[in-house]
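Chemist: how does the following fold in three dimensions:
(one chain, ligands or ions: 1)
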Amino acid sequence: MNKIAVVGSGYVGLVAAACFAELGYSVVCVDNDLERVAALRRGEVPIHEQFLPELLDRHRNVRLQFSGSLAEAVKSCSVIFIAVGTPPKDNGEADLSYVESVAREIAQNINGYKVIIEKSTVPVYTSDWIRRVMLLTTDVQCDFDVVSNPEFLREGTAVTDFLYPDRIVVGADTRRAADLLRDIYSPLTTGKYYASVDKIPEPDDVNLPPRMIVTTAKSAELIKHASNAFLAMKISFINAVANICEEVGADIEQVSTGVGSDSRIGGRFLRAGIGYGGSCFPKDVAAFRAVAQECGYDFGLLDEVMKINENQRNRFMKKIRTALWTLKGKKLAVLGLAFKGRTDDIRESPAIALVEQLLAEGAIVTAYDPAAMKRSKEVFGDRVTFTEGVYQTAAGADALLILTDWDEFSSLDLKHIRQQLRYPIVLDGRNLYSPEEMEEHGLLYVSVGRRPSALKQLAKVS
Ligand code: UGA
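Modeler: This is a model prediction of the structure:
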């Protein structure tokens, strides 16, 4: 059986390593951050991800090892996944220097046939560059293939996305490498894993077993960027439609249900709000835009996607100002800091950007997030008061702001919220409630792409 090395223990690397161990492989997960390696060895789980603690408990020191030595991992494994970061540069391009240095080190230690597989999101041509760098680095005549096997996991559901994928994309330019990857994923593609008694529970609406799509390496690289750009475009599209809804008095929730029911369009990723965030969409749309530019194609559509996304936050800021008039000295209760629910990740979070803006305009912010408090405290320090829960956050506030779609924020005790707030104003950037139910509780409710609840209601209760 193949022994697998996964280089990088971030979201993608750690989840992939744990899931390959779950599929029965002996895996070594390598990181050059020795403190992180030590923490992983001690049993710490650095990210908030459902089922990851269970998988790490199950496989740590059995089928899954953590190591700081890439050289040793290369020597002992014939299959090497690269899952290191590809952060954005100032011009939007992805910074591939970590990928390059990993490729060099693999070449320096190569001792037999290796398949090097890109799992990080990388621009088209990266597989060519890896091949080139390796050939330039080593004078040992060793055979190797470079494969692109992009990952489509979402934070929060990363483990189930890995084990129950919609599709597995393998971009391999040789039959030998394609067959090896077919073999590695066979527990999923043959359905063997799904028959196991202690499998990770299956999510709703999955089509099993997943399909494997074998392409060229370049096509696979493009599939990843194009998928993320398309999803981001869907979100920006519905946000633009939401803005029209506000102008004409229509309801975006009704409109997106109607539009999304067309099976050619699909209802997912049509939720209007304060725009997309996270470590992927903002970075990948900009990187894809830069790749297109580099190849000589002016992909202006993506500029619009980014512009609408940015505008969406500014529009929400305007709504806050309209509801509260002036912000200086106002006490605002913020629910949600993560870039979306079910994660502690605050990278490119629209909620964080909005809080920064509120603070800049002199508001006093009290905030709560079920998982992202620790990370948020690192950003805001004592500029924001962090509380233990929703109702404590709302106590005495001039308005409540819902900025992240956590499940627990969609089932609040509205009567209690009304009692806690100084003024009965709720601004919801995630459309978790209907204007009607907010009105019933005497709350002035402002959301996205829908009419605000009537002001006379506010006059009656305050
Ligand atoms: C995204 C993709 O969904 C994954 O398929 C991909 O593998 C991943 O990027 C990646 O490239 O690594 P992720 O960033 O974890 O996953 O989060 P999403 O669930 O896609 O949400 C991204 C942002 O869009 C969030 O801020 C979310 O609140 C927002 N969103 C999502 C909306 O505003 N409306 C929607 O309808 C859906």
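Chemist: extract the CA atoms of stretch 182-197 and return them as PDB.
Modeler: What follows is stretch 182-197, C-alpha atoms only, in PDB (Å, rounded to 0.1, in the frame of the first residue of the first chain):
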ATOM      1  CA  ARG A 182      -7.400   6.200  -9.100                       C
ATOM      2  CA  ASP A 183      -6.100   3.600  -6.700                       C
ATOM      3  CA  ILE A 184      -5.600   6.100  -3.900                       C
ATOM      4  CA  TYR A 185      -9.200   7.300  -4.100                       C
ATOM      5  CA  SER A 186     -10.700   3.800  -4.800                       C
ATOM      6  CA  PRO A 187     -12.100   3.500  -1.200                       C
ATOM      7  CA  LEU A 188     -14.400   6.400  -2.200                       C
ATOM      8  CA  THR A 189     -15.000   5.700  -5.800                       C
ATOM      9  CA  THR A 190     -15.800   2.000  -5.300                       C
ATOM     10  CA  GLY A 191     -18.000   2.800  -2.300                       C
ATOM     11  CA  LYS A 192     -15.900   0.600   0.000                       C
ATOM     12  CA  TYR A 193     -15.500   3.400   2.600                       C
ATOM     13  CA  TYR A 194     -19.200   4.000   2.700                       C
ATOM     14  CA  ALA A 195     -19.900   0.400   3.700                       C
ATOM     15  CA  SER A 196     -17.600   0.600   6.800                       C
ATOM     16  CA  VAL A 197     -19.400   0.600  10.100                       C
END
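Chemist: in it, what's buried?
Modeler: Buried positions in stretch 182-197, judged by neighbour count with 16 or more other Cβ atoms under 10 Å: 184, 185, 187, 188, 189, 193, 194. For every residue, glycine as well, the C-beta is placed using N, CA and C.
Chemist: what residues does the stretch 251-400 of the chain put near the ligand?
Modeler: 269, 270, 271, 273, 276, 277, 278, 280, 281, 284, 339, 340 (Cβ under 6 Å from any ligand atom).
Chemist: list the contacts of the fifth one.
Modeler: This means residue 276. By Cβ atoms under 8 Å, 6 or more residues apart in numbering, the contact set of residue 276 is 232, 235, 236, 282, 309, 350.
Chemist: restricted to helices, list the residues of the stretch 251-400 of the chain next to the ligand.
Modeler: 281, 284 (DSSP state H).
Chemist: any chance of the residues of the stretch 251-400 of the chain next to the ligand in a markdown table, plus pLDDT?
Modeler: Below are those laid out as a markdown table (pLDDT from 0 to 100):
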| residue | pLDDT |
| --- | --- |
| 269 | 98 |
| 270 | 98 |
| 271 | 98 |
| 273 | 98 |
| 276 | 98 |
| 277 | 98 |
| 278 | 97 |
| 280 | 95 |
| 281 | 97 |
| 284 | 95 |
| 339 | 98 |
| 340 | 97 |
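Chemist: which of the residues of the stretch 251-400 of the chain next to the ligand lies closest to residue 346?
Modeler: residue 339 (6.3 Å; Cβ to Cβ).
Chemist: these two touch, right, that closest one and residue 405?
Modeler: No. With contact defined as Cβ atoms under 8 Å, residue 339 does not reach residue 405; the gap is 10.1 Å.
Chemist: okay, now residue 135: neighbour count?
Modeler: The tally of other residues near residue 135 (other Cβ atoms under 10 Å) stands at 11.
Chemist: and stretch 114-128, does that touch the ligand?
Modeler: Yes. Using Cβ under 6 Å from any ligand atom, stretch 114-128 reaches the ligand at residue 121.
Chemist: buried residues in that stretch?
Modeler: 114-127.
Chemist: could you do stretch 266-284 as well?
Modeler: So, applying 16+ other Cβ under 10 Å, buried residues of stretch 266-284: 269-284.
Chemist: please pull out the lowest mean pLDDT helix or strand from this protein.
Modeler: Lowest on mean pLDDT, DSSP states H and E among the helices and strands of the chain sits helix 455-461, with a mean of 48.
Chemist: compare neighbour counts for residue 339 and residue 405 and give me the winner.
Modeler: Each of residue 339 and residue 405 has its neighbours counted (other Cβ under 10 Å); residue 339 has more, 28 against 19.
Chemist: and that one, what does it touch?
Modeler: Residue 339 neighbours (Cβ under 8 Å, 6+ apart): 277, 278, 345, 346, 347, 348, 349, 350, 351, 352, 404.
Chemist: now residue 400. Its backbone dihedrals?
Modeler: Main-chain dihedrals, residue 400, degrees, to the nearest 10: phi -110, psi 130.
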